[in-house]
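Asks: what follows is a predicted structure for the sequence shown.
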Amino acid sequence: MQTTSLISAVLILFGALTLGVAAAQTGKILALISGTPHEQSWGRLRILMFLFLLGYLGALGVVFTASEEALSLLMGAVFLGGAAFVMLVVRLGHTTMSELSAAAVTEKKRRHDLQRTLGTLEHTNEALTKSNAELEQFAYVASHDLQEPLRKIKAFGDLLGQEFGEELGEDGQMYVERMRKAAGRMSTLIDDLLAFSRVTRKGEEFVDLDLQKIADNVIDDLQTRLEETEGAVEMDPLPTLPVRKTQMRQLIQNLISNGLKFQRKDVPPVVKITVENIEDPDLGPMCQFTFQDNGIGFDPKHAERIFGIFQRLHGRSEYEGTGVGLSICQKIVIGHGGRIHAEGTPGEGARFIFTLPRERVALPGSDDES
């Protein structure tokens, strides 16, 4: 065999191997696009590859036989097959590019619609923020201004009872006492409303604080209540977190007081506080706190309602309060970038679970945002 024929045979053999690998890869592509409009085109391309592979094998035979007629016939077939192959690839490329172009137009339209929606949402959010700020300012001013006439009602009621108690008689004294108690309840309600409005008013900065010290101070303040109810507070060691001091003290005090207030008859209240680190998929690294009590509990269907302002599940004669405490707790937790929810079982107790960021974060609309 001549050297030229041998080189041609080696080249043809490598070409055949390369084409075989390409055909195998085409098989994988067909598996991926099964059931799509492209499946038929890629199937034809693969058949053409196998025909080319047969042509390569035929070329090996021509090289070894050196038949001029066979060589001419093979060259014609190769040129025709090559033209068909190129045409099929061009058509396949045109279809693919058309689909990519259409997808690009669709994506551009989707982004435009998304930008327009975001713009509308941003405008609505700004209007809502402004409206909320105005409502909070109104609540603060109105509540503050209402305190003065209430103080006068209470003061004149006290004077009326002291100076003219005998002249008023039993019925008159009863009416005065009811008036004083109503004024006292109204005053408490206004104080709670002021506290609620102050939660979202700017002023207090986030600082790293030892929550253990805050909780210890709260328990000291509640010592008289604990002694009266023979209650107890059990807690894990609490961490140091970036918080607003006054709000965090109010949050802890409200939740402990809630557990002591709604106790079962003849059952000393016990509030257990546990904490663990978790990874929130949306908010990142968080500390999760659980305040669990052994009190009267509540129906789970009220789990969201109890966080509404002025919402009470029990009459005023049964348990004191205005129904604002848990609303304040919710606003404090949300204002710190966390979440809060409640779980309850009637006759067994309630659990209040909330999370706080382990690291300082910039909150929308806060002074910490940069």
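Replies: On my side now, so go ahead.
Asks: where does the stretch 151-300 of the chain dip in pLDDT?
Replies: Within the stretch 151-300 of the chain, the stretches with pLDDT under 70 are 192-204.
Asks: where along it do the strands fall?
Replies: 207-210, 232-235, 240-243, 270-280, 284-293 (DSSP state E, counting those that start in this stretch).
Asks: distance to residue 164 and mean neighbour count for those strands - can I get that in JSON lines?
Replies: In short, each C-beta sits where N, CA and C put it, glycine included. Formatted as JSON lines, these follow (distance: least, Cβ to Cβ, whole Å; neighbours: other Cβ atoms under 10 Å):
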{"stretch": "strand 207-210", "distance to residue 164": "52", "mean neighbour count": "12"}
{"stretch": "strand 232-235", "distance to residue 164": "46", "mean neighbour count": "16"}
{"stretch": "strand 240-243", "distance to residue 164": "51", "mean neighbour count": "18"}
{"stretch": "strand 270-280", "distance to residue 164": "46", "mean neighbour count": "15"}
{"stretch": "strand 284-293", "distance to residue 164": "46", "mean neighbour count": "19"}
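Asks: so which of those comes closest to residue 115?
Replies: strand 284-293 (26.8 Å; Cβ to Cβ).
Asks: name the strands paired with that closest one and say parallel or antiparallel.
Replies: strand 270-280 (antiparallel), strand 349-357 (antiparallel) (DSSP bridges).
Asks: okay, these in TSV with distance to residue 230 next?
Replies: Conversion of those to TSV gives the following (distance: least, Cβ to Cβ, whole Å):
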stretch	distance to residue 230
strand 270-280	10
strand 349-357	17
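Asks: of all the ones you listed, which one is nearest residue 147?
Replies: Here strand 349-357 is closest among the strands paired with strand 284-293 (Cβ to Cβ), at 30.1 Å.
Asks: quick check: buried residues in the closest one?
Replies: Buried residues in strand 349-357, defined by neighbour count with 16 or more other Cβ atoms under 10 Å: 349, 350, 351, 352, 354, 355, 356, 357.
Asks: so who does residue 238 touch?
Replies: 210, 211, 212, 214, 215, 273, 275 (Cβ atoms under 8 Å, 6 or more residues apart in numbering).
Asks: quick one, helices of the stretch 201-350 of the chain?
Replies: Secondary structure of the stretch 201-350 of the chain (DSSP state H, counting those that start in this stretch): helices located at 211-221, 223-229, 245-261, 325-335.
Asks: cheers, nothing more for now.
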